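Undergrad: sequence? don't have it. structure:
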């Protein structure tokens, strides 16, 4: 389910949601690198990448993220 962007924090409790909003509104879409815990592995932070896009017809910001160690090349 959706999550309010201004509630999203990184591993250092930085409000990264505002950075994501800035990316989406200024350049329409982009990637953001940060770190965060995995839901099933508390106490350790993993590198993550988030993609955000401004969907102009509805003035929405849509995004997704993944942990880099879960990706295959």
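TA: Thanks, I have it. Just so you know, these numbers come straight off a predicted model, no measurement behind them.

Undergrad: I figured residue 8 hits residue 14, correct?
TA: No. Counting by C-beta atoms under 8 Å, residue 8 does not reach residue 14; the two are 9.6 Å apart. The way it works is simple: take the backbone N, C-alpha and C, and place the C-beta from them, glycine included.

Undergrad: And these two? Which one has more around it.
TA: Shown here are residue 8 and residue 14; by other C-beta atoms under 10 Å, residue 8 has more neighbours (20 against 12).

Undergrad: From residue 65, how far off is that one?
TA: Plainly put, residue 8 is 9 Å away from residue 65 if you go by C-beta to C-beta, to the nearest Å.

Undergrad: Now stretch 36-51: buried residues?
TA: Neighbour counts over stretch 36-51 (16 or more other C-beta atoms under 10 Å) mark 36, 48, 50-51 as buried.

Undergrad: For my notes, please list those residues in a markdown table and give pLDDT and secondary structure for each entry.
TA: Conversion of the buried residues of stretch 36-51 to a markdown table gives the following (pLDDT from 0 to 100; DSSP: H, G, I helix; E, B strand; the rest coil):
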| residue | pLDDT | secondary structure |
| --- | --- | --- |
| 36 | 85 | strand |
| 48 | 93 | strand |
| 50 | 93 | strand |
| 51 | 96 | strand |
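
Undergrad: Cool, thanks, signing off.
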